[in-house]
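Enquirer: model the following, please.
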Amino acid sequence: MTLLTIALLTLESALGAAVEPPQPYGVVPSERQLKWHELEFYGFVHFTTNTFTDKEWGYGDESPELFHPSDFDASRIVGIAREAGMKGLILTCKHHDGFCLWPSQYTEHSVAASPWRDGKGDVVRELSDACRDGGIQFGVYLSPWDRNHAEYGKPAYVEYYRNQLRELLTNYGPIFEVWFDGANGGDGWYGGAKEKRTIDRSTYYGWEQTWQMVRELQPEAMMFSDVGPDIRWVGNESGYAGDPCWATYTPRGRDGKPPCPGRTEYKDGENGTRNGEYWMPAEVDVSIRPGWFYHKKEDDKVRTPDNLMKLYFESVGRGASFLLNLPPDRRGRIHENDAASLLEFGRRLRDLFSTDLAQGAAASASNVRGNDERFEPSRALDGDRNTYWCTDDAVNTANMTLDLDKPVTFNVVSLREYLPLGLRVDDWALDQWDGTDWREFAKGTGIGNRRLLRGESITTNKVRLRIVKATACPAIAEVALYVEARGSFSD
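Expert: Okay, the predicted model is just below:
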């Protein structure tokens, strides 16, 4: 060994050898999916002739003249959603009854034939503009099923459907999500035929071509359906994700046919698939009322702030998104009972996450990747989801300790993985220092975008995260501690 070689090795040792980040594990999210993961909580707005007929599913023969909200206020709807903590709203631009909330050039069955705004109104325009002005995002729901259209079940309807989708994607600014319902085919008015029409859900709509059109017209838009391609249905409308709820998924078809919207083993969506074929995270859709559309008889059945918080922990807190429906009443406003619950819920959310008690803690770990400061445990405490604590490739079990300097009381813990590197952690546990020894107070499987632990109050000066099992070296982007002010776990 030459003196030059010895000198170079000594210098490399002194400066620290360059350490590469770990290689991604499994499938990973696209850039649009990463942006969507940051939203976590947004709303649905179900509004159509059903609001005025007291139905959930219109038959398709409803007169457009029925649609006549007395005081529609898009800005107020957006304001309530924003105060509740929502980052966007998705409007049911056309539900199964076929009535269009915008003046589509392809049908007369729309707001243009209604008395509202003297036939010159456009709900899609007003709500999309209000979202943009209010600083939240706008999305569209266009039901693939249409119980009004005479050509439903025939090739001509698919062209009609895509034409209307094109209108929505080109005339109303940026769209953050396009929602494709799995309810397809059945009895309807169908231009006066009044019959039952069935379609082959796996072939009729030509979904691949429709998805491609969305990609071309709104490349940043996320697409939702039973089979994504970007977001999957969680498999229930009760407001919860499974535990664990993996962001990866391999949808399974039914009846020997390939999976498609409306034909999957949908309950699989609750948990997803560990090491699934696609990055297809879950969206948890639920209404603030028993129904999806406004019904006066449900005015006293609005979900409470306690219940909304429970649903938040069981959706966002399990790595999914929380899509909460806010149905306008016949005035075109969010009912006072709904608004009161939402605003209180939003206040509680802001209070809960206003102060991270882990900020400023001294962090140490059993292993740091290459002893490189870029991967130190302090990176999981800096409030930046783009930095992370990471271990060497061969280290799949490790622990990270937070020294809080003085006793701190908390009852909520937030964990995140660094998503661009995939889902790496399988099993984990949390410990508190009781003055003489470590005592476990929580454990679970899977972390993903976010894992929220809600429990009894703990007072300690040290907290430890243990990675009990990981399929690849862990990459932890967040360990945070919070206090939720509450009297009980009632929902």
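Enquirer: contacting residues for the residue most central in space within the chain?
Expert: Per C-alpha atoms, centre = their mean, the C-alpha nearest to the average position across the chain is that of S321, at 2.2 Å. With contact taken as C-beta atoms under 8 Å, 6 or more residues apart in numbering, S321 is in contact with W36, H37, L39, E40, F41, Y42, I231, P281, A282, E283, V284, S315. In short, each C-beta sits where N, CA and C put it, glycine included.
Enquirer: reformat those residues as a markdown table; add neighbour count.
Expert: Shown next, in a markdown table, are those (neighbours: other C-beta atoms under 10 Å):
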| residue | neighbour count |
| --- | --- |
| W36 | 26 |
| H37 | 20 |
| L39 | 19 |
| E40 | 19 |
| F41 | 20 |
| Y42 | 25 |
| I231 | 24 |
| P281 | 28 |
| A282 | 26 |
| E283 | 24 |
| V284 | 28 |
| S315 | 27 |
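Enquirer: let's see which of the residues you listed end up in strands.
Expert: Under the assignment DSSP state E, these contribute F41, Y42, I231, A282, E283, V284 to strands.
Enquirer: ok, those residues vs F99, which is closest?
Expert: For these, the minimum distance to F99 (C-beta to C-beta) is 23.7 Å, reached by Y42.
Enquirer: find the nearest non-adjacent residue to that closest one, please.
Expert: In this structure, Y42 finds its nearest non-sequential neighbour in G88, 3.9 Å apart by C-beta to C-beta, 6 or more residues apart in numbering.
Enquirer: show me what contacts the one you found?
Expert: G88 makes contact with L39, Y42, G43, C131, I136, Q137, F138, G139, F176, E177, according to C-beta under 8 Å, 6+ apart.
Enquirer: now do T51
Expert: T51 makes contacts with F67, P69, F293, Y294, P327, P328, D329, R330, as judged by C-beta under 8 Å, 6+ apart.
Enquirer: again, but for L323
Expert: Counting by C-beta under 8 Å, 6+ apart, L323 touches Y42, G43, F44, I90, E283, V284, D285, V286.
Enquirer: state the distance from H68 to A74.
Expert: Applying C-beta to C-beta, to the nearest Å, the value for H68 to A74 is 16 Å.
Enquirer: out of these two, which sits in the more crowded spot?
Expert: A74 (24 against 17; other C-beta atoms under 10 Å).
Enquirer: tell me the pLDDT of that one.
Expert: Model confidence at A74, expressed as pLDDT, equals 98.
Enquirer: didn't it look like it was pressed against L127?
Expert: Yes - using C-beta atoms under 8 Å, A74 is in contact with L127, at 4.6 Å.
Enquirer: so the closest residue to I90 other than its chain neighbours, which of the three states?
Expert: Ranked by C-beta to C-beta, 6+ apart and with sequence neighbours excluded, the top spatial neighbour of I90 is G139, at 3.7 Å. Following DSSP: H, G, I helix; E, B strand; the rest coil, the label given to G139 is strand.
Enquirer: and G139, how far from R232?
Expert: On the measure of C-beta to C-beta, G139 and R232 end up 16 Å apart.
Enquirer: how about L323?
Expert: From L323 to R232 the distance is 12 Å (C-beta to C-beta).
Enquirer: give me the pLDDT for G448.
Expert: Looking at G448, the pLDDT reads 98.
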